[in-house]
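S.K.: my questions are about this predicted structure, shown below with the sequence.
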Amino acid sequence: MSGQNGILVKVKDVEKTFRRGSEEIHVLSGLNLEVAEGEFLALMGPSGSGKTTLLNLIGGLDRPTSGSLEVSGERIDQMSGRQLAEWRARHVGFVFQFYNLLPVLTAERNVELPLLLTHLTKAQRRRHVHTALEVVGLSHRARHYPHTLSGGEQQRVGIARAIVTDPTMILADEPTGDLDRKSGDEILSLLQALNREHGKTIIMVTHDPHASARATRTVHLDKGQLSMEAPA
């Protein structure tokens, strides 16, 4: 489901301010951004430019100080904490730089975690997990623990976990930041395939031009504002 005219995400006049003691830190200033359904968008910018803050706002992990955030026609900035949690479970798949896998769980159990918030039966959950691991090419490693997997394989498990609920969009924060170039390229190819072949909308924070080149559009953030938008 998308908003008007195929626009999935609409960020309007968003400000984000953090307090550190008596000091106010303005991270985002009157930011406007639209992301189309089925787009693969890269968010680039120097450290401290507000990339991750913007990603967290779009994913409902944080709230703007002012302005509005609309995803699939829903005003997520007006939702209660409980509504936001339910909304995230349905609509957002997160991919993190350091994988965030639970070391005591196998790959398939890590992938299953988001499904524990749903009403699916155990058999249905198992089918979803198998499909997600198949998509990322890791069915044969389903019962392996994270410490026995390479960094690239752990990130594939992270991506399988992100897609297992069939979310509306995937939000990836520096998904190749902890990987060597070869493993990073494999992860980027996987994200491209999810976008092109499965129609997933992806928003990726990166500082790497090599990674942003895989996106369909790149947005540059600097000092809390968009400084340039360029088609890839």
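M.R.: Happy to help now that I have it.
S.K.: distance check, the residue nearest to residue 40 when sequence neighbours are not counted against residue 105.
M.R.: Nearest non-adjacent residue to residue 40, counting by CB to CB, 6 or more residues apart in numbering: residue 195, 4.2 Å away. Any C-beta I mention is one placed from the backbone N, CA and C, and that applies to glycine too. To residue 105, residue 195 is 28 Å away according to CB to CB, to the nearest Å.
S.K.: list the buried residues in the lengthiest helix in the chain.
M.R.: Counting by DSSP state H, the longest helix found in the chain is helix 181-196. Buried positions in helix 181-196, judged by neighbour count with 16 or more other CB atoms under 10 Å: 183-188, 190-191, 194-195.
S.K.: elements contacting that helix?
M.R.: strand 40-44, helix 151-163, strand 169-173, strand 201-205, helix 209-212 (3 or more CB pairs under 8 Å, 6 or more residues apart in numbering; DSSP states H and E).
S.K.: helices or strands up against the second one?
M.R.: Helix 151-163 is packed against strand 92-95, helix 107-112, helix 122-135, strand 169-173, helix 181-196, with contacts defined by 3+ CB pairs under 8 Å, 6+ apart.
S.K.: kindly report the same for the third one.
M.R.: In terms of contact count using 3+ CB pairs under 8 Å, 6+ apart, strand 169-173 is assigned the packing partners helix 51-58, strand 92-95, helix 151-163, helix 181-196, strand 201-205.
S.K.: need these in CSV with distance to residue 85 and mean pLDDT, can you?
M.R.: Below are the helices and strands packed on strand 169-173 laid out as CSV (distance: least, CB to CB, whole Å; pLDDT from 0 to 100):
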stretch, distance to residue 85, mean pLDDT
helix 51-58, 14, 92
strand 92-95, 11, 93
helix 151-163, 17, 93
helix 181-196, 24, 92
strand 201-205, 20, 96
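S.K.: turn these into JSON lines, columns for distance to residue 44.
M.R.: Formatted as JSON lines, these follow (distance: least, CB to CB, whole Å):
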{"stretch": "helix 51-58", "distance to residue 44": "7"}
{"stretch": "strand 92-95", "distance to residue 44": "17"}
{"stretch": "helix 151-163", "distance to residue 44": "20"}
{"stretch": "helix 181-196", "distance to residue 44": "14"}
{"stretch": "strand 201-205", "distance to residue 44": "8"}
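S.K.: among these, which is nearest residue 113?
M.R.: Smallest distance to residue 113 across the helices and strands packed on strand 169-173 (CB to CB): 6.5 Å, for helix 151-163.
S.K.: hmm, who's touching that closest one?
M.R.: Outside helix 151-163, the residues that touch it by CB atoms under 8 Å, 6 or more residues apart in numbering are 93-96, 99-101, 107, 110-111, 113-114, 129, 132-133, 135-138, 141, 146, 149, 170, 172, 175-176, 178-180, 182-184, 186-187, 190-191, 194, 198, 200.
S.K.: what's the neighbour count on residue 76?
M.R.: Residue 76 is flanked by 23 other residues according to other CB atoms under 10 Å.
S.K.: excluding chain neighbours, what is closest to the spatially most central residue of the chain?
M.R.: Nearest to the mean C-alpha position of the chain, by CA atoms, centre = their mean, lies residue 171 at 1.0 Å. Spatial nearest neighbour of residue 171, chain neighbours left out: residue 59 (4.7 Å); criterion: CB to CB, 6+ apart.
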